[in-house]
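Asker: Next input, structure requested:
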Amino acid sequence: METWSGRSYTQLTYPADVSVLRRYLGEISIPNSAQLVAIKSPKGTGKTHSLESVVGDALANGQWVLVVGHRVQLVEALCHRFGIPYITSVRSSEFGSVLGYGLCVDSLHPESSARFNADSWHDGVVIMDESEQVIWHALNSGTCQRSRVSILRQLKTLLSNVLQGSGRVFLADADLSDLSIDFVRSLSGYDSDPFVVVNEWLPGDESRCNIYNYSGTNPSGLVAALEKHIDHGGRPLVVCSAQKTKSKWGSRTLETHLEKKYPDKKILRIDSETISDPEHPAYGCIAHLDEILPEYDIVIASPSIETGVSIDIKGHFTSVWAIFQGVQSESSARQALFRLREPVERHIWAASHGIGQIGNGSTSVKSLLASQHKLAKANVRLLQELALDDIELDFQPLSLRIWAKMAVRVNLGMIHYRYAILEGLEAEGHQIIDSEELVNDAVKAAVTETKKSNQIAEALAVEAEADTTPTEFEQLQQKKAKTKSERYRERKHLLKLRYGIEVNAALVLKDDDGWYASIRLYYYLTIGRQFLKQRDYKRLHETYEKGGGAVWLPDLNRSQISVAIACLENLGIMELLTPNREWRKTDEFLVRLAAIALAHAWEIKAALNITVSEKDSPIAIAQKLLSKIGVKLEYLKREGSDGERVRVYGYTAPSDGRDEVFTAWIERDEAASAALNFTSTPGNKEIITSSQDVTQLKKEAA
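Answerer: Residues are numbered from 1 along each chain as shown. Below is the predicted model of the structure:
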């Protein structure tokens, strides 16, 4: 039932006012009385081209046009096509902001560099191309987190000013669903029916693609087939879901791997770094892809071009290859696969399960919202003697419900990630062909070695950069275009701020592996426990201040760690940190711990993002909990005779350098506490501050 219900959130059930069946959408006759216009048309059918005439008519009638998107480069490309400036070019534009401009959702608030104030915008035209992802970005993106409440308030005012007056809002998406329309209607208070345009066209023989599916446990088989394709003169476009050097199958690693193998080939990497690096040939290329890409034999792209980009060149690329590791949604993956419009063959490897689940990963709107509300109340309760009494936890409940429905949609796709992508492609009319190439150990080893070499080289480069002053760092953060050296200097300073110690290559590598999140929990669970309230209260207060008394529940829960710490303490994890004690799966404490964890699996998933199941042994459950703080029980020996042998484990305090970091953090937190005159009062019975409290809790639980 949850799966069936969740799939309904992908559907468009609003009746179509105009229904067409054609390869290119072209111009649509839309009555002047239609204020909310929703356009659903498949990928590559010219939705953006159709909007050009909408923009032209609006400007001719003296109306401003505001293009709202979710990626800087993509909004810039749209503005270039529409003939209006991007926000950063307004000052140098001949007409300034009179014609309107384009900007990202992130800048849709008064404190941004755009200084956006919705009260100044009435009766114009708002365009959201790729509206499903624009709205999801507004509701869930981490880049909007600090100003989310302000952004949603400004968006509400903007849409109300436009739709309650004589303006118009255009939503366009190949996967348009009711959710985009419902969001705009609920936020603006617009109670009239939308004007819906649907293009029912599906790829025919001339546009249908053969899609080769690689079902191995990793994409080495696909990369091996890619190399054979290049060996035979192929010119591939490769799309992948990651860019960082730590990603084995990301754009950086693949670029280096193919450069080594094909030194005579011209290779271009397009990702968030290269398109904003003035020293790189991909700098600013998004608006000129059709002119630039034919100069290269191999092009590797990250999600920078997954939406809003149309590559219309023909006769150059011979194939498209895709590696989807389960980071972006299945719909985004399908979008990325068809940025090249030419129907050349496609090759795809996708993880069987995704890793980008939202909230507690639930596929039920009710469960997801209940989890968010319960977490938020618990977070505030744990700070009850410090929290603000008038904090608004129920901010924009209708928007929160749209968030939950979109999150459920993402979670459903992540559970059966590969299947969801292939099912969507098949529904679009393409032919799925299973490839016989599964895994290739030689390719996997070569790519792994390349990834390690790249990581070490980058870590050494970060270490070698000169230290940055706070003023220089602030200037770097404000820069839109950054060279590789500037990015390294910026990261070095960020790491110094984060850890409080001198930055070396070893620290960079540990940070790549997610060290910070685990040792932060360890710190606040142990030596830094007295500063936990101070830490969470500061973040709650910042959110409260920025939101004018209101908070967005998912952001509040992401920013707080008190519940996670309380959960670990209530489970008795401190007992597991006892040195020189041996643990066996039959240990009474471990058996009881496992029973409690299984009984509260829902709460543990919500608080710690850990899944425990009946299949897990008591030792396995303990190891999952300990992994959250970056430690584990080490295997010591086996006991007993054959057939009844039992593994024995023990805890050894970590010697990974975290003590040096903790010394710096203690000094930092003591200084902050003194400056704020902050005193941490236990107050709440649920907050456990010592191993004695853990012992007492266990007695009470028993």
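Asker: drop to CA atoms for contacts and neighbour counts, all remaining ones
Answerer: Fine.
Asker: now residue 113: how far from residue 161?
Answerer: 22 Å (CA to CA, to the nearest Å).
Asker: of the two, who's got more company?
Answerer: Set residue 113 next to residue 161 and count neighbours by other CA atoms under 10 Å: residue 161 wins out with 21 against 12.
Asker: what bits of this protein have low per-residue confidence?
Answerer: Scanning the chain for pLDDT under 70 picks out 2, 91-97, 205, 306-308, 385-389, 677-702.
Asker: the domain parsing of it - what is it?
Answerer: Following automatic domain parsing, the chain resolves into domains at 2-199, 210-353+416-456, 369-415+514-702.
Asker: Between these, which one is closest to residue 471.
Answerer: Minimum separation from residue 471 across the domains of the chain (CA to CA) falls at domain 2-199, 17.9 Å.
Asker: Quick check: residue 27 is in a strand.
Answerer: No: in this structure, residue 27 is coil, not part of a strand, as judged by DSSP: H, G, I helix; E, B strand; the rest coil.
Asker: what's the first-to-last distance across stretch 263-281?
Answerer: End residues of stretch 263-281 are separated by 17 Å (CA to CA).
Asker: So for it, what gets flagged as buried?
Answerer: 267, 268, 269, 270, 271, 272, 273, 274, 275, 276, 277, 280 (16 or more other CA atoms under 10 Å).
Asker: where does the second one sit relative to residue 235, distance-wise?
Answerer: Using CA to CA, we find residue 268 at a distance of 12 Å from residue 235.
Asker: who does the helix or strand in which residue 648 is found touch, helix- and strand-wise?
Answerer: Assessed by DSSP states H and E, residue 648 sits inside strand 646-651. Strand 646-651 is packed against strand 582-583, strand 633-639, with contacts defined by 3 or more CA pairs under 8 Å, 6 or more residues apart in numbering; DSSP states H and E.
Asker: Contacts for that strand, please.
Answerer: With CA atoms under 8 Å, 6 or more residues apart in numbering as the test, strand 646-651 has contacts from 576-585, 632-640.
Asker: Would you mind listing which of those are buried?
Answerer: Applying 16+ other CA under 10 Å to those flags 576, 577, 582, 583, 584, 585, 632, 633 as buried.
Asker: Show me where the stretch 451-600 of the chain has its helices.
Answerer: If you assign secondary structure with DSSP state H, counting those that start in this stretch, the helices in the stretch 451-600 of the chain sit at 470-478, 484-499, 505-512, 515-525, 532-546, 553-559, 562-570, 573-576, 588-599.
Asker: So which of these is nearest residue 117?
Answerer: helix 532-546 (15.4 Å).
Asker: Any idea how far the closest one is from the middle of the chain?
Answerer: 23 Å (CA atoms, centre = their mean, to the nearest Å).
Asker: is it fair to say residue 159 lies in a strand?
Answerer: No: under three-state DSSP, residue 159 sits outside any strand and is assigned helix.
Asker: Pull the number of nearby residues for it.
Answerer: 27.
Asker: I'd like the numbering to begin with 10 instead of 1 from here.
Answerer: Happy to do that; since the first residue is 10 now, the last one works out to residue 168.
Asker: In the chain, which residue is most central in space?
Answerer: Central residue of the chain (CA atoms, centre = their mean): residue 150, 6.3 Å from the mean position.
Asker: Show the contacting residues for that residue.
Answerer: With CA under 8 Å, 6+ apart, residue 150 has no contacts at all.
Asker: same thing with residue 45?
Answerer: 172, 177, 178, 179, 180, 202, 203, 204.
Asker: Looking at these, spot the one nearest residue 579.
Answerer: residue 180 (47.9 Å).
Asker: Distance check, the residue nearest to residue 289 when sequence neighbours are not counted against residue 487.
Answerer: Using CA to CA, 6 or more residues apart in numbering and skipping residues adjacent in sequence, the residue nearest residue 289 is residue 283, 5.8 Å away. According to CA to CA, residue 283 and residue 487 sit 17 Å apart.
Asker: same question, residue 460
Answerer: 30 Å.
Asker: So for these two, which sits in the more crowded spot?
Answerer: The residue with more neighbours, out of residue 460 and residue 487, is residue 460; 24 against 10, by other CA under 10 Å.
Asker: Against residue 358, how distant is the more buried one?
Answerer: 19 Å.
Asker: Could you do residue 302 as well?
Answerer: Counting by CA to CA - residue 302 and residue 358 are separated by 24 Å.
Asker: quick one, which of these two is more surrounded?
Answerer: residue 358 (26 against 20).
Asker: Does anything pack onto the helix or strand hosting that one? Which helices or strands?
Answerer: Assigned by DSSP H and E, residue 358 belongs to strand 354-359. Identification of packing neighbours for strand 354-359 by 3+ CA pairs under 8 Å, 6+ apart yields strand 219-223, helix 229-240, strand 328-333.
Asker: Now do the helices in the stretch 10-159 of the chain.
Answerer: 11-16, 56-69, 81-91, 140-149, 157-172.
Asker: residues in contact with the second one?
Answerer: Applying CA under 8 Å, 6+ apart, the contact partners of helix 56-69 are 34-37, 48, 50, 73-74, 87, 90-91, 108, 133-134, 138, 181-182.
Asker: CA atoms only for that helix, dumped as PDB, please.
Answerer: The C-alpha trace of helix 56-69 is given here as PDB (Å, rounded to 0.1, in the frame of the first residue of the first chain):
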ATOM      1  CA  LYS A  56      10.000  23.000 -23.400                       C
ATOM      2  CA  THR A  57      12.500  25.700 -22.900                       C
ATOM      3  CA  HIS A  58      12.200  26.800 -26.500                       C
ATOM      4  CA  SER A  59       8.500  27.100 -26.000                       C
ATOM      5  CA  LEU A  60       9.000  29.300 -23.000                       C
ATOM      6  CA  GLU A  61      11.200  31.700 -25.100                       C
ATOM      7  CA  SER A  62       8.000  33.000 -26.800                       C
ATOM      8  CA  VAL A  63       6.400  33.400 -23.400                       C
ATOM      9  CA  VAL A  64       9.300  35.500 -22.200                       C
ATOM     10  CA  GLY A  65       9.300  37.500 -25.400                       C
ATOM     11  CA  ASP A  66       5.600  38.300 -25.100                       C
ATOM     12  CA  ALA A  67       5.900  39.300 -21.500                       C
ATOM     13  CA  LEU A  68       8.800  41.700 -22.200                       C
ATOM     14  CA  ALA A  69       7.000  43.200 -25.100                       C
END
